[in-house]
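Student: this one's structure only:
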């Protein structure tokens, strides 16, 4: 079955793009043209794999798993399926819950059912390593895509990099076709509860507990860098 599927961890893709273009992983620091981004993912996937696209799965977090405006725009695009996990606050940080599990389940199910010959993973999370290895065992070629790291190093799990069949880097030139750094000078925050605004909102300070600074808010994490880059 010469078809490819793209699985996108939106938290990784957009957080890493924000780090690259704006110097921090807060998604409120960037603007995204989702139609251009999806078209770019489709064209790049078909070029890299030599297969026609079956579908793009977009995995993201949302409060109470309720689709936000950006998710509603994405879910009506051709060949795009949106899968939502929850956004929760944990230890002073916003965190996605259920996204990795959903990506793992989709990855293994696609491979088990032989729905495609190639799967593109846009993620950096090492938790997907078992799913990646399972897909390979079912005869699926796994392509791992990274967003160019702001510091020139890896922003993906080294184990993912080592196990992927192919690895590509979406560089600054590719990213800036659809993503721009936001000029925040004199601009009021958006009023709609977009994911970017939710992730960048400050958390309430905890009750005093004998000193220590309150935890900082986070704009959605980018997975920790791995080791030295490959040639």
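Tutor: Arrived safely, thanks for sending. All of these numbers come straight from a predicted model, not from anything done at the bench. Numbering: from 1, shown residues only.

Student: residues contacting the helix or strand that contains residue 110, please?
Tutor: Using DSSP states H and E, residue 110 maps to helix 99-112. Residues from elsewhere that reach helix 99-112 (CB atoms under 8 Å, 6 or more residues apart in numbering): 5, 7, 9, 11, 57, 59-61, 83, 85, 115-116, 119, 121, 123, 125, 127-128, 130-132, 134-135, 137-140. (Each C-beta comes from the backbone N, C-alpha and C, glycine too.)

Student: quick one: mean pLDDT over it.
Tutor: Helix 99-112 shows a mean pLDDT of 95.

Student: that one: what's the following helix or strand?
Tutor: Taking DSSP H and E, what comes next after helix 99-112 is strand 118-122.

Student: quick one: mean pLDDT for that next one?
Tutor: Mean predicted lDDT for strand 118-122 stands at 98.

Student: next SSE downstream of it?
Tutor: Next along from strand 118-122, by DSSP H and E: helix 129-137.

Student: that following helix vs strand 118-122, what angle?
Tutor: Computed by axes from the mean of the first three to the mean of the last three CA atoms, to 10 degrees, the angle separating helix 129-137 from strand 118-122 equals 160 degrees.

Student: who are the packing partners of the helix or strand that comes right after helix 129-137?
Tutor: Later in the chain than helix 129-137, the nearest helix or strand by DSSP H and E is strand 141-147. Judged by 3 or more CB pairs under 8 Å, 6 or more residues apart in numbering; DSSP states H and E, strand 141-147 is in contact with helix 10-22, helix 34-49, strand 118-122, helix 129-137, helix 158-163, strand 166-170.

Student: give me the residues contacting strand 141-147.
Tutor: Outside of strand 141-147, the residues within contact range by CB under 8 Å, 6+ apart are 12-13, 16-17, 20, 44-45, 48-49, 117-124, 132, 135-136, 154-156, 160-161, 163-170, 175.

Student: ok, now with 6 Å
Tutor: 16-17, 118-122, 132, 135-136, 156, 160, 164-170 (CB atoms under 6 Å, 6 or more residues apart in numbering).
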